[in-house]
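In: Need the 3D shape of this:
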Amino acid sequence: MNKVLKRILISVGIVIGVIALVLGGFIGYAYATDYRPDQETVLKVDQASQKETLNIGSEYTMITFNIGYGGLGEQQDFFMDGGSKSGADSLEEVNENLNAVQTYLTQTDPDFAFLQEVDLSGKRSFNVNQYEILRESMRFGSFAYNYKVKYVPVPFTNPQGGVESGIVTLSKAEPYEATRYSFDGQEMAIQQLFDLKRAFTISRFKIDGSDKELVLINAHFSAFDKGGKVRKQQVKQMQTVLETESKHGNYIILGGDFNHELPGTSADNFAWTEAIPSWVMQLPLDFAPKGYNWAVDPQNPTVRAVEAAYVDGYTYKAVIDGFLVSDNIEILHVEGQGTMNFKNSDHNPVQLHFKLK
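Out: Down below sits the predicted model:
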């Protein structure tokens, strides 16, 4: 072996060794700082300046809204859905989107609100604490992490960086208990280090003059799991939760981002010509246990594909956000806010009007 070839091989070996060392060190750092929540975590309930009581026979409103961390407005795409971006382009963009969400909450003034993809900090949202902005002083609130990573290295051309995000439940009445529950199912070990730790929360409210509770379940199911293998585990877990709560005779509302097309809805109700995204799945028709009813609006889309900026008539749309309620709750009206047309998030909110029987 001549000296030149030997030097080349040594140099290549050094380069490979350095790359392996750096990569190993980074994975080690990710593992050491990995967020590993317990199966159950009691949440802090942030207090409001005043509180309302809940009563049988009274009417209430609630909304569910995946706000897309203030970074998935109509001009954005997302790398996990085939796009190239990982966050908002500017702080002004984040603030504009959050202002629109805040205006919607103020105008609708719901008694309860489920929010998903709410950032505490993160490069993708320019480190804006969205929970503090959206939780008005009059509302009780709880925040549960479902994404807490020191550094997400993808997409490689513009890494997402650090993220602290989660799901939020707001209310005018005070919950006496709020708990985060880890969803079953995980991705492969290395991928899971940089992925969401999916969760749902249960907030419990006392009802004046009743020994039963109002149980609100705010859920954000998985997406982008190949073949839906993780979602299948989450669906089974949630069915067990619903069956257990109904045995106690409680008033139960499950809502949020199901990341499945919901029963009684069809994407064919909307105008689009784009290819159906690979993550799209239908929620099994037998998901809802006996004694539950769907509260969804099949005429208004709640999610769009984010492979590219939104184009009305082209971009894929479907209904994956809504509510499932126990039959001791009367569904008065449910309406998807399709007129918002994905201007400030890749989701449109859904509003439910109901009465405790």
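
In: would you list every one of the helices in the stretch 201-350 of the chain?
Out: In the stretch 201-350 of the chain, the segments counted as helices under DSSP state H, counting those that start in this stretch are 229-247.

In: which stretches of the chain have low pLDDT?
Out: Residue ranges of the chain with pLDDT under 70: 1, 4-5, 8-12, 14-15, 17-24, 26, 29-31, 137, 188-190.

In: Which residues are in contact with the residue lying closest to residue 127 once chain neighbours are set aside?
Out: Spatial nearest neighbour of residue 127, chain neighbours left out: residue 121 (4.7 Å); criterion: Cβ to Cβ, 6 or more residues apart in numbering. Just so you know, the C-beta spots here come from the backbone N, C-alpha and C atoms, and that holds for glycine as well. If a contact means Cβ atoms under 8 Å, 6 or more residues apart in numbering, then residue 121 has 127, 128, 129, 162, 163, 164 as its contacts.

In: With distance to residue 84 and neighbour count added, can I get those residues in a markdown table?
Out: Listed next are the contacts of residue 121 as a markdown table, based on distance: Cβ to Cβ, whole Å; neighbours: other Cβ atoms under 10 Å:
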| residue | distance to residue 84 | neighbour count |
| --- | --- | --- |
| 127 | 22 | 14 |
| 128 | 22 | 21 |
| 129 | 27 | 14 |
| 162 | 20 | 16 |
| 163 | 18 | 23 |
| 164 | 23 | 19 |
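
In: and which of these is nearest to residue 77?
Out: Taking Cβ to Cβ as the measure, residue 77 sits nearest to residue 163 out of the contacts of residue 121, at 17.8 Å.

In: Return the list of helices and strands in contact with the strand of greatest length in the chain.
Out: Across the chain, the longest stretch assigned as strand under DSSP state E is strand 140-152. Identification of packing neighbours for strand 140-152 by 3 or more Cβ pairs under 8 Å, 6 or more residues apart in numbering; DSSP states H and E yields helix 3-32, strand 161-171, strand 177-182, strand 199-206.

In: That strand versus strand 199-206: what angle between them?
Out: Going by axes from the mean of the first three to the mean of the last three Cα atoms, to 10 degrees, strand 140-152 is angled at 170 degrees with respect to strand 199-206.

In: Tell me the buried residues in strand 140-152?
Out: Neighbour-count burial for strand 140-152 flags 140, 141, 142, 143, 144, 145, 146, 147, 148, 149, 150, 152 (criterion: 16 or more other Cβ atoms under 10 Å).

In: any idea how far residue 54 lies from residue 315?
Out: Distance, residue 54 to residue 315, by Cβ to Cβ, to the nearest Å: 40 Å.

In: If you could redo that for residue 272, that was the one I meant.
Out: Separation of residue 272 from residue 315 (Cβ to Cβ) stands at 6 Å.

In: more crowded one of the two?
Out: residue 315 (22 against 19; other Cβ atoms under 10 Å).

In: residues touching residue 70, list them.
Out: Neighbouring residues of residue 70 by Cβ under 8 Å, 6+ apart: 88, 93, 94, 95, 97, 98, 101, 119, 125, 128, 130, 344.

In: any idea how far it is from residue 100?
Out: 9 Å.

In: what touches both of these two?
Out: Residues touching both residue 70 and residue 100 (Cβ under 8 Å, 6+ apart): residue 344.

In: in stretch 120-140, what's buried?
Out: Under the neighbour-count criterion of 16+ other Cβ under 10 Å, stretch 120-140 has 120-126, 128, 130-131, 134-135, 139-140 buried.

In: Quick one: end-to-end length of it, please.
Out: Using Cα to Cα, to the nearest Å, one end of stretch 120-140 lies 17 Å from the other.

In: what does stretch 77-93 contact?
Out: 69-73, 76, 94, 97, 122-126, 128, 152, 154-155, 157-161, 223-224, 277, 279, 305-309, 346.

In: Recalculate using a threshold of 7 Å.
Out: 70-73, 76, 94, 123-126, 154-155, 158-160, 224, 277, 305-309 (Cβ atoms under 7 Å, 6 or more residues apart in numbering).

In: before we move on, back to that, specify which member of the contacts of residue 121 is nearest to residue 355.
Out: Comparing the contacts of residue 121 against residue 355 with Cβ to Cβ places residue 129 closest, at 35.1 Å.

In: ok, now which ones touch the closest one?
Out: Neighbours of residue 129 in contact, by Cβ under 7 Å, 6+ apart: 120, 121.

In: Can you give me the distance of residue 284 to residue 63?
Out: Between residue 284 and residue 63 the computed distance is 25 Å (Cβ to Cβ).

In: More neighbours: which of those two?
Out: Under the criterion of other Cβ under 10 Å, the comparison of residue 284 against residue 63 puts residue 63 first, with 24 against 13.

In: Checking my notes, the more buried one in a strand, right?
Out: Yes - Residue 63 forms part of a strand when assessed by DSSP: H, G, I helix; E, B strand; the rest coil.

In: Tell me the bridge partners for it.
Out: Using DSSP bridges, the beta-bridge partners of residue 63 come out as residue 113, residue 351.

In: start the count at 763, not 1, going forward
Out: Okay, residue one is now 763; in that scheme the one you just asked about reads as residue 825.

In: my guess is it meets residue 878, correct?
Out: No - using Cβ atoms under 7 Å, residue 825 is not in contact with residue 878; the gap is 11.6 Å.

In: OK, contacts around residue 980?
Out: Neighbouring residues of residue 980 by Cβ under 7 Å, 6+ apart: 876, 929, 931, 962, 963, 1017, 1018.
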